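J.: Generate a structure from the sequence data that follows.
(one chain, ligands or ions: 1)
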Amino acid sequence: MTANPFDLTGKVAVITGSSRGIGRASAELLAKLGARVVISSRKADACEEVAEGIRKEGGDAHVIACNISRRAEVEALIEGANAKYGKIDILVCNAAVNPYYGPLLDIPDEAFDKIMNSNVKSNLWLCALTMPQMAARGGGSVVIISSIGGLRGSTVIGAYGISKAADFALCRSLAGEWGERGVRVNCVAPGLVKTDFARALWEDEAVLKRRTASTPLRRIGEPHEIAGAVAYLGSDASTFMTGQTIVIDGGVTTASV
Ligand SMILES: NC(=O)c1ccc[n+]([C@@H]2O[C@H](COP(=O)([O-])OP(=O)(O)OC[C@H]3O[C@@H](n4cnc5c(N)ncnc54)[C@H](OP(=O)(O)O)[C@@H]3O)[C@@H](O)[C@H]2O)c1
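T.: Residues are numbered from 1 along each chain as shown. Model prediction:
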């Protein structure tokens, strides 16, 4: 073990959806801890701003635009990361979509398919393209950003919850298949975090009030409060951990009602 198991010097990380929110905070922390990071989202210019900020702090960041719902772009992301840095040690499957807010039985097929394709199948692609090369080099770490929406029901974002529950299952099965080759796979399940993605929830005063009242810490989270777990799971501090989920939700899923 290195003197500091959280030190990521020499490691290369690819983080999808890292132009803002949880992905951005994770990329910035991984870079601060020494990793060379690939910043990615659908918009290269937004990613470039993040990368420039990391470089200004003395870090090493490279931008590759990628829409995670398109297989060719996902392949180009992984190929591009390998071409730039020669390897991938940490894969953070962070980008996800939720195009539907309403009763589960009314969801149009296209919206359901979009959610499952982007939030589950795309993670499978990313893992399939990355884990074999991690194994060939002796190991690596995959971190999937799931959600507490996969742990409990919702009357408005049910299909999203189905996709996030599927991510837990994806994680457990891949952990079982790849553990003996040194590749670990874990999930992080955030509660409500103040990002654009969850704006519909935290901008609704009634929802916010209800949520904070039922949350032991009495507030919603900030992106940097999720990034620490991503860094831990990507680092040698977590080398005996695989197939698991870290829930970071201010305690809301543990609270008595
Ligand atoms: N915020 C919460 O309350 C919360 C709670 C639990 C779990 N999560 C999970 O946390 C993860 C990150 O969400 P966030 O809250 O940080 O969202 P966010 O602030 O809205 O950021 C989303 C990121 O993903 C990118 N993105 C969106 N669609 C994409 C696509 N099709 N392909 C590639 N990149 C795409 C966005 O950039 P572009 O627009 O440039 O593509 C952006 O960089 C998601 O997996 C989400 O399910 C969030």
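J.: pLDDT below threshold where in the chain?
T.: By pLDDT under 70, the low-scoring segments of the chain are 1-2.
J.: Now the residue in it positioned nearest to the ligand. Nearest residue, chain neighbours left out?
T.: Taking Cβ to the nearest ligand atom as the measure, the chain has G21 as its residue closest to the ligand, at 2.1 Å. The way it works is simple: take the backbone N, C-alpha and C, and place the C-beta from them, glycine included. Nearest non-adjacent residue to G21, counting by Cβ to Cβ, 6 or more residues apart in numbering: T195, 3.6 Å away.
J.: now swap in D167 and tell me
T.: Excluding its sequence neighbours, the residue lying closest to D167 (Cβ to Cβ, 6+ apart) is S146, at 4.3 Å.
J.: show me what contacts the one you found?
T.: Taking Cβ atoms under 8 Å, 6 or more residues apart in numbering, we find S146 in contact with K164, A165, D167, F168, C171, C187, V188, A189, T245.
J.: what's the answer for I226, then?
T.: I226 is in contact with I22, A25, S26, I145, V188, P190, V193, I248, counting by Cβ under 8 Å, 6+ apart.
J.: ok, how many other residues are close to I78?
T.: For I78, the neighbour count with other Cβ atoms under 10 Å is 21.
J.: Confirm that it sits in a helix.
T.: Yes: with DSSP: H, G, I helix; E, B strand; the rest coil as the criterion, I78 is assigned to a helix.
J.: list the contacts for it?
T.: V14, I88, L126, L129, T130 are the contacts of I78 under Cβ under 8 Å, 6+ apart.
J.: From the residues you listed, pick the one nearest G102.
T.: Closest approach to G102 among the contacts of I78 (Cβ to Cβ): L126, at 28.8 Å.
J.: ok, the closest residue in space to that closest one that isn't next to it in sequence - contacts?
T.: Sequence neighbours aside, C93 is the residue nearest to L126 in space, at 5.3 Å (criterion: Cβ to Cβ, 6+ apart). Contacts for C93 (Cβ under 8 Å, 6+ apart) come out as T16, S122, N123, L126, C127, V142, V143, I144, I145, D167.
J.: and with 7 Å instead?
T.: T16, N123, L126, V142, I144, I145 (Cβ atoms under 7 Å, 6 or more residues apart in numbering).
J.: just R20 next, same as before
T.: A46, T195, D196.
J.: Buried residues, stretch 244-253. List them.
T.: Buried positions in stretch 244-253, judged by neighbour count with 16 or more other Cβ atoms under 10 Å: Q244, T245, I246, V247, I248, D249, G250, V252.
J.: contacting residues for the most centrally placed residue in the chain?
T.: Centroid-nearest residue in the chain: N94, 2.6 Å away (criterion: Cα atoms, centre = their mean). Counting by Cβ under 7 Å, 6+ apart, N94 makes contact with I15, T16, G17, S18, I22, G23, S26, I145.
J.: from those residues, which is closest to L77?
T.: Lowest distance from L77 to the contacts of N94 (Cβ to Cβ) belongs to T16, with 7.5 Å.
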